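Trainee: Generate coordinates for the sequence data below:
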Amino acid sequence: MSNSVWAIDPSHSEIGFKVKHMMFTNVSGKFNTFEAEITNQDDKFESSAISFTADVKSIDTASGDRDNHLRSADFFDVEKFPSLKFVSTGMQKLSETEYKVTGDFTIKDVTKPITLDAEYSGLMKDPWGNTRAGFILNGKINRKDFGLTWNAALETGGVLVGEDVKLVCEIQLVKKA
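Mentor: Model prediction:
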């Protein structure tokens, strides 16, 4: 048995999220700066240990004003808490293409366990001889559980920002030599 070490390829990956706006449409966003290291035994992803970090200052929702508000103390407070983190505690193989990934997710100074659904796309060699692996990860968190509590009441009832945040990630890994 040999250890495999993988890095996320940021130019072929996207770390995204969706949250309800005014209770009836989704606003999508992503983090533009992130890194991850994955280690496993003999390329068996069910044995993986995952460490992921995203730079919260790199948040991008296609609206500069909204992004600045998200960086402020009302939400992520990036001056005090510049990154969010995920450290896996387990990875269960359900089928050849399906996994459950569990781990500790940290936003601001709050760490909570979460579970992500992972769809494995397989291994492939690129034209330069590098081994790559692909995953699609999906999950959901309640932002209030992580201290992201700001909101505004709507005149017609309800609130401006939904509590549930859908996590949607397209990941391409590159095996380190």
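Trainee: any low-confidence regions in this structure?
Mentor: The chain contains no residues with pLDDT under 70.
Trainee: got the end-to-end distance for stretch 16-25?
Mentor: One end of stretch 16-25 sits 16 Å from the other (CA to CA, to the nearest Å).
Trainee: got the residue ranges for the strands in this structure?
Mentor: Under the criterion DSSP state E, the chain contains strands at 3-8, 14-21, 25-31, 34-41, 44-55, 59-60, 83-93, 98-107, 110-125, 131-142, 161-175.
Trainee: any idea how far residue 177 is from residue 126?
Mentor: 13 Å (CB to CB, to the nearest Å). (Each C-beta comes from the backbone N, C-alpha and C, glycine too.)
Trainee: same thing with residue 58?
Mentor: Noted for residue 58: a distance of 25 Å to residue 126, by CB to CB.
Trainee: okay, these two: which has more neighbours?
Mentor: Taking neighbours as other CB atoms under 10 Å, residue 58 and residue 126 compare with residue 58 leading, 17 against 12.
Trainee: close enough to count as contact, that one and residue 35?
Mentor: No - between residue 58 and residue 35 there is no contact under CB atoms under 8 Å: 11.3 Å.
Trainee: tell me the contacts of residue 145?
Mentor: Neighbouring residues of residue 145 by CB atoms under 8 Å, 6 or more residues apart in numbering: 110, 112.
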